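Peer 1: I would like to see how this sequence folds:
(one chain, ligands or ions: 1)
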Amino acid sequence: MIQLMHTGRISHPSNTPHVRRPIAPSAVKPEGKMFTASGPLEMPEPRALSTEEVAGTVRDFRRAAGAAVESGADRVGIHGANGYPVQQFLSSNANRRDDRYGCSIPNRIRFAVEVASAVAEEIGAGRTGIRVSAGNPFNDVVEDDVPALYGALLDEELATLVADLHLLHGGDEDLLRSVRRDWPGVLVLTRSGADIETRAEDVEDRLTDVVPVGTMVLANPDLVERLKAGAPLNEADTSTFYGGDERGYTDYPTLPETITAGARAA
Ligand SMILES: Cc1cc2nc3c(=O)[nH]c(=O)nc-3n(C[C@H](O)[C@H](O)[C@H](O)COP(=O)(O)O)c2cc1C
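Peer 2: Okay, here's the model as predicted:
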């Protein structure tokens, strides 16, 4: 699976080849800093996309989906979470538009639906997924009336465009239960930072169809073997997240390596 991610305003000009100003639904500067080659830098005010450019961005997602499949991906995921453009359009602070992509809920969900529709048309709904983080304020996003907003987005129409919905759970249990109840398709649930037992309970309680693991599998190249053996897990070193080299990505020890290193040190 290849995930399509547009950063929108969560970016910095120095991270682009042409040192371009980031683009966004509206010219609203996000709070926070972006990792760059010169260290973390304040994110600037983005440039607002014209209505025509929004349609062009939808086409970019479509092209990228086609390219992903052509290069061997079996599936494509649309990154609609974590304060990136799809969620920026959904939000009330990053999206101050007064055209067909702003103001009302039907307008604010339009970009997400158009992206899903374009990707599904290009590669087939069966190969398309979308990830959302309903109500999650990460990357300076504010969403009003989250149940109504996501109730409108996660409907029958979207279910015909994607094979699965990946929900990054922000802690609102009522919202999670209503998404589970109303979403007609496959649900993938990420409960950030939860231990493996809690994730297993979500499957047993039928709150989700699939449980992904992120940090745990990053820090444990032999996660499955460790879980089967009931062995302790390596802790992820968060200081290496989003870094520029292999540290924290490909250098965690397997269980046999940890045991050998321990025996050597003793
Ligand atoms: C270093 C790092 C990079 C990540 N990159 C992405 C990404 O590109 N797309 C995405 O949807 N989530 C990304 N995430 C978020 C994870 O997919 C996941 O939601 C998060 O780590 C919480 O789940 P966990 O407790 O299983 O790690 C990233 C997380 C980390 C730590």
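Peer 1: Torsion angles phi and psi at P22?
Peer 2: phi -60, psi 160 (degrees, to the nearest 10).
Peer 1: Please report how far it lies from the ligand.
Peer 2: Separation of P22 from the ligand (C-beta to the nearest ligand atom, to the nearest Å): 17 Å. All C-beta atoms are positioned from the backbone trio N, CA, C, and that covers glycine.
Peer 1: Report the buried residues of whichever helix in the chain runs longest.
Peer 2: Counting by DSSP state H, the longest helix found in the chain is helix 51-70. Using 16 or more other C-beta atoms under 10 Å as the burial criterion, the residues of helix 51-70 that qualify are 54, 57-58, 61-62, 64-65, 68-69.
Peer 1: List the contacts of that helix.
Peer 2: Residues outside helix 51-70 that contact it (C-beta atoms under 8 Å, 6 or more residues apart in numbering): 2, 4, 6, 23, 25, 49, 76, 78, 85, 99-101, 111, 114-115, 118-119, 121-123, 127-128.
Peer 1: What parts of the stretch 101-250 of the chain come near the ligand?
Peer 2: 131, 168, 190, 192-193, 213-216, 241-242 (C-beta under 6 Å from any ligand atom).
Peer 1: Is it possible to get JSON lines of the residues you listed that adds pLDDT?
Peer 2: Listed next are these as JSON lines, based on pLDDT from 0 to 100:
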{"residue": "R131", "pLDDT": "98"}
{"residue": "L168", "pLDDT": "97"}
{"residue": "T190", "pLDDT": "97"}
{"residue": "S192", "pLDDT": "90"}
{"residue": "G193", "pLDDT": "88"}
{"residue": "V213", "pLDDT": "94"}
{"residue": "G214", "pLDDT": "93"}
{"residue": "T215", "pLDDT": "95"}
{"residue": "M216", "pLDDT": "95"}
{"residue": "F241", "pLDDT": "89"}
{"residue": "Y242", "pLDDT": "81"}
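Peer 1: Which members of those residues occur in helices, if any?
Peer 2: Of the positions in these, 215-216 sit in helices, assigned by DSSP H.
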